[in-house]
Each structure stands twice: as C-alpha cells, then as structure tokens.
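> Predicted model and sequence follow; I will ask about them next.
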Amino acid sequence: MKAAIVTGASGFIGANMCKSLLEKGIKVYGIVRNKGSVSHINHPLYQAVEADFSTYNSLPELIKDEIDVFYHIAWGGTYGSSLGDYEQQINNIKYTCDALTAAHKIGCKKFIIAGTINEFEALQLLNAEENKPRLACIYGVAKLSCDFMCKVIATNLGIDFNTAIIGSCFGPGDTSRRIHNVFISNMLKGSRPKLVEADVLYDWIYVGDVADMLYTIGVKGVNMKNYYLGHNKLKKLKDILIEVRDILNPSLELVFGELKDTTKVDYSLVDINAIYEDTGYVCNSDFKECILKTAEWVKEQKI
C-alpha cells in the first residue's frame, strides 16, 4: 500500500488509523469537516482534505492521486441518545454509499467500512417476537444496511470491499462516555459503579490494534469478506472489569448485578479468527500497559 484515504481523520479511530498508516510510510489523505481539527497531525505524508458528509461526491475533484485503499471510518452518532436517532442513522447510510461511489471515481482499489458489534444485536430482530429491541439498535441496523448495500454497489462497480466489525474499542483519544472511560474513571476516583451481571462474553480491544488490523485488511483482506477486529479468545465482561480493577484500584470491591443487562453479543455470527487466519496478524499489545495509557488519558481529560 502506497496511499490511502481515511474519513473521520479527526476522530478517535480515524486519527489512530492515520497515525498507523503514516508510521508505515503510507501517504494519507485525511477527510475532515474542518482542517483545523487535525492540526496535531504533522507529517510530510499527510494531507488534510476538507469535506462534509454531504459533500463526499466532491472528493474525486479534490484528490488526484493513485489510491490503494479508502477507509470509511466517519459516522455521525456513535454513542448516547444519537444511536437511536433514525434520521441521523439513515443519513449515514447514504453518506457511506456516496463515499463508496467517490472511491470508485477516484480509482481506489479497495473500500473498507468500519462496522460494529451492534450489528449482531440488530440481526436478532429477525426474531423480534422473542426480543425486545433497544432504541440504540437503530445504529446497528444502519451499519448492517451499509454492509449489505455496499457489497451490492462495490460488486457492480468492480471495487474490492470489506467490512471491519470493530469490537469494543478503547484507548487514548476517546472522548466518549462509553463503558471503558466511565469504568476507568470510577476506578481512578475510587468510586464503585453500578454494574450489570456481566456474565456474557465481551472483548476490549485497544485502538492501536484496531488501526493495525485495518491496515492489514487493506493489504491482505479477502474481497467481500467481513472481519472481526478483536481478540480471538474472548472473556466474560465480568472478568475484563475485574482485570481492569486489579490494574487501577485492586482494593475496590465490585458488585455485579445491580443493573439489568439488556444486551448480549452473539459472536457466533462472525468468524473471530478470520483476520488471524487470512492475514497472519498477531495481536501483541499488553492489556495492562494499554489500560494504564488509557487511564492517564482519562485522568488528563477529566472524563
């Protein structure tokens, strides 16, 4: 890979993706809504391109280069109440299809979108009479729709395509109030959070690993295949939280089951070994070191 496009270059995963590519000597065009938002990326191989979601169709006029891979990371509404905002989530589908069409016009060889484990929850709606879907499922449904639509569009345009289903990603740069930051913040403050039973399989994957996996898919991924970006050995959420507690505040007692657990990820819906088998990728990050780096970020940002 010599050159790549990354949308959402100022975001949590997008910025780390740019960093990973640049470290490998790859030219990066970072798509942002405001060039000032990526002033921290200072690299001779990096070029910021200003474009809003609704103006992705202008990208072929802005980028005149041979591009190997187009990484579509940008997405509006990825946590909180915006997950259930159907208008915003539906718009995301159109913007993704626009980005794919633009990638084809630019001459990109491959298009990769960032998926989510929430898609597995959305698939359970096929048996909706047995499930009570959360409003946040709208987010997963939109991501799943993008996967299906893009496969059709990419096939007919003749461009290679992959969906990268990202596990529960954490690390420095995440400004959200998702479980990772909230739990780590509680551990730092010595405050016992209310927890679900947490007896389900889960996966905390470091953002640096996610970025490297995205790169690997761009180079070695099999066309039209979905890849899970996470560990191939899963743990119970309870065990992950206990491990994080032991790293940051071992004396703090955790009580599980005070809240009702409303979500369960069915990992059987994806091959969690595929990226390891197809690409030979090895996840070498030390979990303790990653948690400590993230804790320092959370502390600095006062999340």
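Looks like it arrived, so ask away.

> if I look at the residue nearest to residue 110 when sequence neighbours are not counted, how far off is residue 215?
Using Cβ to Cβ, 6 or more residues apart in numbering and skipping the chain neighbours, the partner closest in space to residue 110 is residue 160 (4.1 Å). From N, CA and C alone the C-beta is placed, and that goes for glycine too. Distance of residue 160 to residue 215, given as Cβ to Cβ, to the nearest Å: 15 Å.

> Neighbour count: these two, which is higher?
residue 215 (23 against 18; other Cβ atoms under 10 Å).

> Helix or strand: which one has that one?
In the assignment (DSSP states H and E), residue 215 maps to helix 207-220.

> what's in contact with that helix?
Identification of contacts with helix 207-220 by Cβ atoms under 8 Å, 6 or more residues apart in numbering yields 1, 4, 12-13, 16-17, 19-21, 24, 68-69, 71, 110, 112, 114, 162, 164, 166-167, 169-174, 227, 229, 275, 278-281, 283, 285, 290.

> And the helices in the stretch 51-200 of the chain, which stretches?
59-62, 86-106, 118-123, 137-157, 179-189 (DSSP state H, counting those that start in this stretch).

> Go through those and pick out the most buried.
Greatest average neighbour count among the helices of the stretch 51-200 of the chain goes to helix 118-123 (a mean of 21), per mean count of other Cβ atoms under 10 Å.

> Quick one: list the elements packing against it.
helix 137-157 (3 or more Cβ pairs under 8 Å, 6 or more residues apart in numbering; DSSP states H and E).

> could you say what helices and strands the helix it packs on packs with?
Packed against helix 137-157, as judged by 3+ Cβ pairs under 8 Å, 6+ apart, are the following elements: helix 86-106, strand 110-116, helix 118-123, strand 160-166.

> Need the residues that contact it.
So helix 137-157 is contacted by 75, 77-78, 82-86, 89-90, 92-93, 96-97, 100-101, 104, 111, 113, 115-116, 118-123, 125, 160-161, 163, 224, 226 (Cβ under 8 Å, 6+ apart).

> Same check on stretch 249-269?
117, 120-121, 123-124, 134, 187-188, 190, 192, 194-202, 228, 234, 238, 241-242, 245.

> From those residues, list the buried ones, please.
117, 120-121, 124, 187, 195-196, 198, 200, 202, 228, 234, 238, 241-242, 245 (16 or more other Cβ atoms under 10 Å).

> Sketch out the low-pLDDT regions of the stretch 51-200 of the chain for me.
Low-confidence segments of the stretch 51-200 of the chain (pLDDT under 70): 128, 131.

> Can you show me the helices along the stretch 201-303 of the chain?
According to DSSP H, counting those that start in this stretch, the helices that the stretch 201-303 of the chain contains are 207-220, 237-248, 274-279, 287-301.

> Outside of the third one itself, list whatever touches it.
Under the criterion Cβ under 8 Å, 6+ apart, residues 213, 216-217, 219-222, 225-229, 232, 281-282 lie in contact with helix 274-279.

> First-to-last residue distance for stretch 166-184?
20 Å (Cα to Cα, to the nearest Å).

> go on, stretch 44-61?
Note: stretch 44-61 ends 22 Å apart using Cα to Cα.

> Give the buried residues for that stretch.
Neighbour counts over stretch 44-61 (16+ other Cβ under 10 Å) mark 45-49, 51, 53, 56, 59 as buried.

> Run the chain-centre distance for that stretch.
20 Å (Cα atoms, centre = their mean, to the nearest Å).

> do stretch 163-174 as well
Using Cα atoms, centre = their mean, the offset of stretch 163-174 from its chain centre is 4 Å.

> Equivalent analysis for stretch 176-194, please.
The answer for stretch 176-194 is 21 Å, by Cα atoms, centre = their mean.

> how much space between the residue lying closest to residue 119 once chain neighbours are set aside and residue 120?
Nearest residue to residue 119, sequence neighbours excluded (Cβ to Cβ, 6+ apart): residue 144, at 4.5 Å. Distance from residue 144 to residue 120, counting by Cβ to Cβ: 9 Å.

> okay, which residue is most central for the protein?
residue 166 (4.6 Å; Cα atoms, centre = their mean).

> Quick check, that residue in contact with residue 112.
No: contact criterion Cβ atoms under 8 Å: residue 166 and residue 112 do not qualify, at 11.3 Å.

> In the beta-sheet assignment, what are the partners of residue 6?
For residue 6, the beta-bridge partners are residue 30, residue 71 (DSSP bridges).
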